[in-house]
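Engineer: the amino acid sequence is not available; the structure is as follows:
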């Protein structure tokens with residue numbers, strides 16, 4: 001078939017994450033099929049022959065398990081059981097199509113949240129790439145619970161790309177790439193070969209959900225591309241059904257959508273902080289504290305806190321939001337658990353030990369354990385201007401503690 005997307009040259013790259021969804025591996029009856037997998041496996045093998053490294057994020061385990069058992073149970077336990085049963089045939093599919101050894105890697109929320117486990121995972125994946133294996137990564141659905149799931153495999157692929165410091169993220173899709181609308185319903189929809197920045201308008205182009213077998217859709221692919229771009233990683237969306245498109249990609253020609261990185265690569269720790277799954281906890285801060293973080297690179301001190309939402313432990317990953325508005329200012333690892341933070345909200349740092357009876361440091365989140373997610377101008381556009389000085393904001397007219 002002839003792609004509606006014009007050919008464009010691929011940038012040079014050394015290490016890639018390739019993401020393949022369930023719909024591309026389905027036989028239409030609930031099981032797995034080789035039809036699309038063969039072309040994708042050949043592409044991966046050609047990349048390897050070119051001296052490149054590839055990590056594969058592959059869906060399909062739940063679909064394979066469903067095909068074996070003909071189960072349609074909607075519950076979490078049923079899905080976890082299907083994932084466990086389907087892992088073996090899904091891995092066997094890929095191992096039968098590539099000559100290099102295939103290595104299964106199942107990741108959980110804690111693997112990316114816990115710094116030590118994160119580093120161990122990173123080291124293992126890099127070693128697998130070094131010795132010439134093909135790591136096949138998926139979320140550990142067998143033990144994951146809804147509250148602590150990494151989410152869809154598009155966003156998992158972006159997190160893994162950051163984890164291994166990949167150069168590019170290649171996402172195989174059901175269609176040729178991003179269109180200005182849904183080409184199945186909108187006759188005026190036209191291809192979008194390149195996106196410099198993903199904006200709300202871009203996200204509106206991705207209306208519509210995933211297919212019956214998938215958990216994502218074009219919307220989640222753009223979310224993943226946004227995360228990859230922020231980490232200095234290019235993203236490609238291409239048709240996983242079209243053998244000619246896949247073959248051309250192996251030759252360095254893209255018929256699809258290219259989304260370039262739009263920022264400098266973050267240092268490894270900042271990349272980890274940006275993409276680590278949150279605990280669900282939220283700290284709301286006043287206007288002055290937001291300015292102190294965004295404009296002066298300050299740590300978050302208890303005097304700048306307005307409220308604490310959720311229950312979380314010390315060293316949990318929490319989101320920091322402006323008190324007035326919904327924009328996330330930052331995220332980082334807290335020095336104190338949620339119950340203790342509620343007790344010292346609005347206090348001066350010098351009062352921490354007197355209030356709690358112990359002391360883990362003057363900051364709620366140290367700047368080395370924090371990554372910023374917004375600009376000062378963006379936050380100011382959502383909140384009322386404040387006349388308080390920076391010092392009054394970080395250490396405001398502290399309440400008596």
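Structural biologist: Arrived safely. Small disclaimer: the values here were computed from a predicted structure and weren't measured.
Engineer: any low-confidence regions in the stretch 301-401 of the chain?
Structural biologist: Low-confidence regions of the stretch 301-401 of the chain, defined here as pLDDT under 70, cover residues 375-400.
Engineer: mind listing the strands for it?
Structural biologist: Applying DSSP state E, counting those that start in this stretch to the stretch 301-401 of the chain gives strands spanning 305-309, 317-322, 328-333, 370-372.
Engineer: do the chain as well
Structural biologist: Along the chain, counting by DSSP state E, strands occupy 8-9, 15-20, 53-58, 102-107, 134-139, 168-173, 234-239, 253-254, 256-259, 282-285, 305-309, 317-322, 328-333, 370-372.
Engineer: now do the third one against strand 102-107, angle only.
Structural biologist: Think strand 53-58. Here strand 53-58 runs at an angle of 60 degrees relative to strand 102-107 (axes from the mean of the first three to the mean of the last three CA atoms, to 10 degrees).
Engineer: which neighbours does strand 53-58 have in its sheet, and in what orientation?
Structural biologist: Note on strand 53-58: by DSSP bridges, its sheet partners are strand 15-20 (parallel), strand 134-139 (parallel).
Engineer: which outside residues touch that strand?
Structural biologist: The contact list for strand 53-58 (CB atoms under 8 Å, 6 or more residues apart in numbering) reads 14-20, 25, 44, 47-48, 90, 94, 125, 129, 134-138, 153, 156-157, 160, 164, 166. Backbone N, C-alpha and C define where each C-beta goes, glycine included.
Engineer: go on, the last one?
Structural biologist: With contact meaning CB under 8 Å, 6+ apart, strand 370-372 is reached by 266, 270, 273-274, 293-294, 299-300, 320, 329-333.
Engineer: these, buried ones only, as a PyMOL selection?
Structural biologist: Typed into PyMOL, the line below selects the buried ones among these, using 16 or more other CB atoms under 10 Å:
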select buried, resi 266+270+273+274+293+294+299+300+320+329+330+331+332+333
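Engineer: can I get the strands of the chain in a markdown table with distance to residue 38?
Structural biologist: Shown next, in a markdown table, are the strands of the chain (distance: least, CB to CB, whole Å):
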| stretch | distance to residue 38 |
| --- | --- |
| strand 8-9 | 25 |
| strand 15-20 | 12 |
| strand 53-58 | 14 |
| strand 102-107 | 15 |
| strand 134-139 | 15 |
| strand 168-173 | 13 |
| strand 234-239 | 15 |
| strand 253-254 | 20 |
| strand 256-259 | 19 |
| strand 282-285 | 46 |
| strand 305-309 | 49 |
| strand 317-322 | 40 |
| strand 328-333 | 41 |
| strand 370-372 | 41 |
